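Asker: compute the structure for the input listed below.
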Amino acid sequence: MDIGRFKQIAFLLVLLSGFACLAAQRFQIRAFAEPTIIGKDEQLTFTIEISGEKGFRAETPKVPELKDFVFRNMMTTTSTQFSIINGRMSESLTKSFVFNLLPKRPGNLSIPSFDMVINGKSYNTDVVSVRVLDSSIAGKSPSQQARPYGYGQRMPLFMPDPFDLDLGFEPVGEMSIVAIPDKKSVFVGEPLLVTYRLYTTQPVSALELKEEKDFGGYGKEVYSEPSRLNFETTKFKNQRYQTAVIKTLAISPNRAGVIELPRITAVAQIGRMGLFTQSLQSESVSINVKELPLDNKPPDFTGAVGSIKVSESMEKSLVRIGETLEYRLIISGNGNFNQFSNPEYPAQQSFRIAIPVTENKVQAGVSGTRTIIYTLIPKHEGKYKLPGVSFNWFDPAKESYQSFKSVPNNVEVKQGNVLTYISNVFQKDNIRTLTPFNPKHEYKSSKLFINSPLYWMLTVLFILSLVPSWLYSRNKKLKDTDPDLAAQRSSDKILRKYLKQAEKSAMDYSKEFYPHAEKGLMRYLSDKYHIPHRLSIQEKLYQMRLKGLDEELIQKLEEFLKRCQEARYMPGGFNEQVLSEDLIALKRVIREFTKLSYTRKIFQW
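Answerer: Next comes the predicted model:
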């Protein structure tokens, strides 16, 4: 072999080894303490942070022997970063193990190296130095601060405290998850809250929820879920326990009989240095669900159950032909907001009544306020007495049906003109003000439009608009080479296709409206904002938030998607009477998204 060929082979081997090193080094390990200078009675946080490409597996590190510190507890956090560069999305993962430590003495102390296992290989963190002063930096000792879990609090007569990790704790004691419903007996449709609590005589450093098993006969939503375990001391089974809320569910039963509530499974991390684990499952808890009484049941009852208050408001009492009038029905309190339909406004000979618009400010579907907006369009001038609407619900506390009947509203309708109609047509941000054409004889002051100053003003404006139209045409031609614009046009075609199918299904009162609407809307938004189609709906919504889209608009989208899921899967969720309302909600969401212009940016979280 000649020398030249040998050099080529050697160069290739060096290059390949370099690539292998780069492939292996796909993550970084960083260990640090905060703060690095503390008082002898204060706590510090020691963090081990692993960051790199998504897909690495990092095992929970075991705490080594600590000569200078007392280990209190540990928590794990995970964050994902997304970036879009030249239309390509990359994803990275950061996993952090956070340890809370207390110094044993003042001086220059050291946190020893921790052993880490990542992707099956062992790694070691650096030794971290901390300076501990003889005085308190914060100005108060831990005895003056609230200590979670009761760690380090001595019991009288020098008896060992089972919650003190500094006494060589071993995992002995009791631990359980208890489901606590706020009611044991309810009516069909009456919502209740179920709180899941952890009770323990062992020091729990972390808790990971694994599974939530359902048994049917109810709908549910998460009412609240704390971001951390906030322990407090209580008496349970005639012993001293530490307890913390894990989560609270809102349950809405939809059938009578005995119903078993959801059971949750979790894994708790306990112990001193070894970080022992223990699997837990909540105990079986059932409730009794009673049928609604048939006696005195109103014929127009729509299924509302709860402690409810109803009020009303009329926008104005004077309106002209061509304008609109809004009547609002406000339903507030605690009830099954997701399980009853809106009452109908009585038909009026002198008014057209549009499909009502619903505005919800409700937590977990069981507590809050729903505003129903009825739009009335006058056809003839005169003085009228509008009856409003009636609404009925069942009050479980009184075990009887309650009714609300609105007070008649006096309204005067005066003659309109062409300007009245045009002024309403241009309010495109509020579809409730769009007014249909009225017969010519209803416009008493009408005249030939070509002879009016408005006609010539519009003509001049049209001629002047030719210049910006030409500029727009030229800019559009330049954008044809832009791949982002091409993607936008493709997404618009897809949207029109599915929207046409959804409208046809709505006209046929078909349940297929909801899958067409959901699929078309999410494919359109995925193409518009360069979001992979393989992601779930929740992950796509998360990506939209990362891109800085308006939170209120995303919440409207979530509300519509939730309505689609309820109509498709929830018993009794499909209702032909609200299909037209859902079609209008779909168009409203689409119109607000199409107003947003796509901006080329590199998004990073």
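
Asker: residues in contact with residue 69?
Answerer: Residue 69 makes contacts with 101, 102, 103, 104, 109, 111, as judged by CB atoms under 8 Å, 6 or more residues apart in numbering. All C-beta atoms are positioned from the backbone trio N, CA, C, and that covers glycine.

Asker: excluding its backbone neighbours, what's nearest the third one?
Answerer: Spelled out, that is residue 103. Nearest residue to residue 103, sequence neighbours excluded (CB to CB, 6 or more residues apart in numbering): residue 132, at 4.4 Å.

Asker: using the three-state scheme, assign the one you found.
Answerer: Recorded secondary structure, residue 132: strand (DSSP: H, G, I helix; E, B strand; the rest coil).

Asker: surely it meets residue 39?
Answerer: Yes. Between residue 132 and residue 39 there is a contact at 7.3 Å, judged by CB atoms under 8 Å.

Asker: ok, now how distant is residue 563 from residue 365?
Answerer: 11 Å (CB to CB, to the nearest Å).

Asker: now do residue 353
Answerer: Residue 353 is 27 Å from residue 365, by CB to CB.

Asker: who has more neighbours out of those two?
Answerer: residue 365 (21 against 15; other CB atoms under 10 Å).

Asker: just confirm that one contacts residue 337, I think it does.
Answerer: Yes. Using CB under 8 Å, residue 365 is in contact with residue 337, at 5.3 Å.

Asker: circling back to that earlier point, quick check: beta-bridge partners of the residue nearest to residue 103?
Answerer: Under the criterion DSSP bridges, residue 132 forms beta bridges with residue 38, residue 107.

Asker: try residue 392
Answerer: The partner residues for residue 392, given DSSP bridges, come to residue 403.

Asker: need the contact list for it.
Answerer: Residue 392 sits in contact with 298, 300, 301, 302, 304, 401, 402, 403, 404, where contact means CB under 8 Å, 6+ apart.

Asker: closest to residue 78 out of these?
Answerer: Top of the list for closeness to residue 78, among these and by CB to CB, is residue 304 at 41.6 Å.

Asker: next, work out how far apart that closest one and residue 287 are.
Answerer: Distance from residue 304 to residue 287, by CB to CB: 20 Å.

Asker: ok, these two, which is more surrounded?
Answerer: Neighbours per residue (other CB under 10 Å) separate residue 304 from residue 287, with residue 304 holding more: 25 against 20.

Asker: for residue 371, pull up the helix or strand it's in.
Answerer: If you go by DSSP states H and E, residue 371 is part of strand 367-378.

Asker: following element in sequence after that strand, please.
Answerer: Next element after strand 367-378 (DSSP H and E): strand 382-386.

Asker: nearest residue to residue 305 other than its sequence neighbours?
Answerer: Spatial nearest neighbour of residue 305, chain neighbours left out: residue 189 (3.7 Å); criterion: CB to CB, 6+ apart.

Asker: now do the strands in the stretch 251-400 of the chain.
Answerer: Residue ranges of the strands in the stretch 251-400 of the chain, as given by DSSP state E, counting those that start in this stretch, are 257-260, 263-270, 276-281, 286-290, 306-314, 318-320, 325-335, 351-353, 357-363, 367-378, 382-386, 390-395, 400-405.

Asker: can you list the strands that the second one pairs with?
Answerer: Using DSSP bridges, the strands paired with strand 263-270 are strand 204-213 (antiparallel), strand 276-281 (antiparallel).

Asker: what mean pLDDT does it get?
Answerer: Averaging pLDDT along strand 263-270 gives 88.

Asker: in that strand, what's buried?
Answerer: 263, 264, 266, 268, 269, 270 (16 or more other CB atoms under 10 Å).

Asker: what's the angle from the helix or strand where residue 197 lies to strand 367-378?
Answerer: Assigned by DSSP H and E, residue 197 belongs to strand 192-200. When axes from the mean of the first three to the mean of the last three CA atoms, to 10 degrees is applied, the directions of strand 192-200 and strand 367-378 differ by 160 degrees.

Asker: helices and strands around strand 192-200, which ones?
Answerer: strand 175-181, strand 239-253, strand 263-270 (3 or more CB pairs under 8 Å, 6 or more residues apart in numbering; DSSP states H and E).

Asker: I'd like to know which of the ones you listed is closest to residue 93.
Answerer: For the helices and strands packed on strand 192-200, the distance to residue 93 is smallest for strand 263-270, at 20.8 Å, taking CB to CB.

Asker: okay, the closest one in PDB with CA atoms only?
Answerer: Output in PDB follows, covering the C-alpha atoms of strand 263-270 (Å, rounded to 0.1, in the frame of the first residue of the first chain):
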ATOM      1  CA  ARG A 263     -60.000   5.100  40.600                       C
ATOM      2  CA  ILE A 264     -56.500   6.500  40.200                       C
ATOM      3  CA  THR A 265     -53.200   4.800  40.400                       C
ATOM      4  CA  ALA A 266     -49.900   6.500  41.400                       C
ATOM      5  CA  VAL A 267     -46.300   5.800  42.300                       C
ATOM      6  CA  ALA A 268     -44.900   7.500  45.400                       C
ATOM      7  CA  GLN A 269     -41.200   8.100  46.000                       C
ATOM      8  CA  ILE A 270     -40.300   7.700  49.700                       C
END
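
Asker: just to revisit the earlier point, got the CA coordinates for the strand holding residue 371 in CSV?
Answerer: The C-alpha coordinates for strand 367-378 follow below in CSV (Å, rounded to 0.1, in the frame of the first residue of the first chain):
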residue,chain,number,x,y,z
SER,A,367,-69.7,26.2,38.0
GLY,A,368,-69.9,29.6,36.4
THR,A,369,-72.0,31.7,34.1
ARG,A,370,-73.6,31.1,30.7
THR,A,371,-74.9,34.0,28.6
ILE,A,372,-77.4,33.2,25.8
ILE,A,373,-77.7,36.1,23.3
TYR,A,374,-80.9,36.2,21.1
THR,A,375,-80.7,38.5,18.1
LEU,A,376,-84.1,39.9,17.0
ILE,A,377,-84.5,41.7,13.6
PRO,A,378,-87.6,43.9,13.2
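
Asker: which other residues reach it?
Answerer: 319-321, 323-334, 337, 342-343, 345, 348, 350-354, 356-362, 386, 389, 413, 432-433, 435-436.

Asker: just the buried ones from these?
Answerer: By 16+ other CB under 10 Å, the contacts of strand 367-378 give 319-321, 323-329, 331-334, 337, 342-343, 345, 351, 354, 356-358, 362, 386, 389, 413, 432-433, 435 as buried.

Asker: quick one: end-to-end length of stretch 64-72, please.
Answerer: Terminal residues of stretch 64-72 are spaced 13 Å apart (CA to CA, to the nearest Å).

Asker: low-confidence regions, this protein specifically.
Answerer: By pLDDT under 70, the weakly predicted segments of the chain are 1-26, 82-90, 136-173, 271-275, 417-447, 474-491, 493, 568-577, 596-605.

Asker: break it into its domains for me.
Answerer: 29-145, 166-290, 306-442, 482-595 (automatic domain parsing).

Asker: just to revisit the earlier point, list the contacts of the residue nearest to residue 103.
Answerer: 37, 38, 39, 40, 103, 105, 106, 107, 108, 109.

Asker: tell me the one of the residues you listed nearest residue 473?
Answerer: Among the contacts of residue 132, and counting by CB to CB, the member closest to residue 473 is residue 37, at 66.4 Å.

Asker: my guess is that closest one contacts residue 129. True?
Answerer: No. The pair residue 37 and residue 129 fails to qualify as a contact (CB under 8 Å) at a distance of 10.5 Å.

Asker: which of the residues in stretch 408-416 are buried?
Answerer: 409, 411, 413, 416.

Asker: swap in stretch 34-45?
Answerer: Here stretch 34-45 shows 38, 39, 40, 41, 42, 43, 44 as buried, counting by 16+ other CB under 10 Å.

Asker: quick one: the fourth one from residue 103, how far?
Answerer: It refers to residue 41. In terms of CB to CB, residue 41 sits 8 Å off from residue 103.
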